[in-house]
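In: sequence plus predicted model, see below.
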Amino acid sequence: QVRLVESGGGLVQAGGSLRLSCAASGRTFSNYAMGWFRQDPGKEREFVAAIRWGGSRPLYADSVKGRFTISRDNAKNTVYLQMNSLKPEDTAVYYCAQHRDPFTVPQAQQTHFGSWGQGTQVTVSS
């Protein structure tokens, strides 16, 4: 059973930075693409970023490109999301997710992800 635990959320002023972490257990972490999604109340969950099992060729939503960086440490079974130049519209619950199948190119569609964390709240004040 896959377990994903996010941490690092909080309250930050616009223009500030946060780093989210997601610790994974239950499967061979280095075999799976990982992703981050977010959801604001009243809105659908949306894709933020994803990364291949080896860490190359990250994929980003246009809304965060140039501000957010996804990375992973396979030795620590952890994926990160460095968020810089935060804006109030980045406020959401951020979820970590693991691809359903091993060694598949990361996708933005949620249907490719089979395991999810419980989420961590990020609030950006103006």
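Out: All right, it came through fine.

In: the residue nearest the centre of the chain pairs with what?
Out: The chain has W36 as the residue nearest its centroid, 2.1 Å off, counting by C-alpha atoms, centre = their mean. Beta-bridge pairing for W36 (DSSP bridges): A49, C96.

In: enumerate every residue touching it.
Out: L20, C22, V48, A49, A50, I70, V79, L81, Y94, Y95, C96, A97 (C-beta atoms under 8 Å, 6 or more residues apart in numbering). No exception for glycine: its C-beta is placed from N, CA and C like everyone else's.

In: touching, the fourth one and S63? I think so.
Out: It stands for A49. No - using C-beta atoms under 8 Å, A49 is not in contact with S63, being 10.5 Å away.

In: looking at the two, which is more packed in?
Out: A49 (25 against 14; other C-beta atoms under 10 Å).

In: if I look at that one, how far off is Q107?
Out: Going from A49 to Q107 by C-beta to C-beta, to the nearest Å gives 12 Å.

In: what's the answer for S71, then?
Out: 18 Å.

In: how about R72?
Out: For R72, the distance to Q107 - C-beta to C-beta - is 16 Å.

In: and those two? Which one has more around it.
Out: Shown here are R72 and Q107; by other C-beta under 10 Å, R72 has more neighbours (23 against 15).
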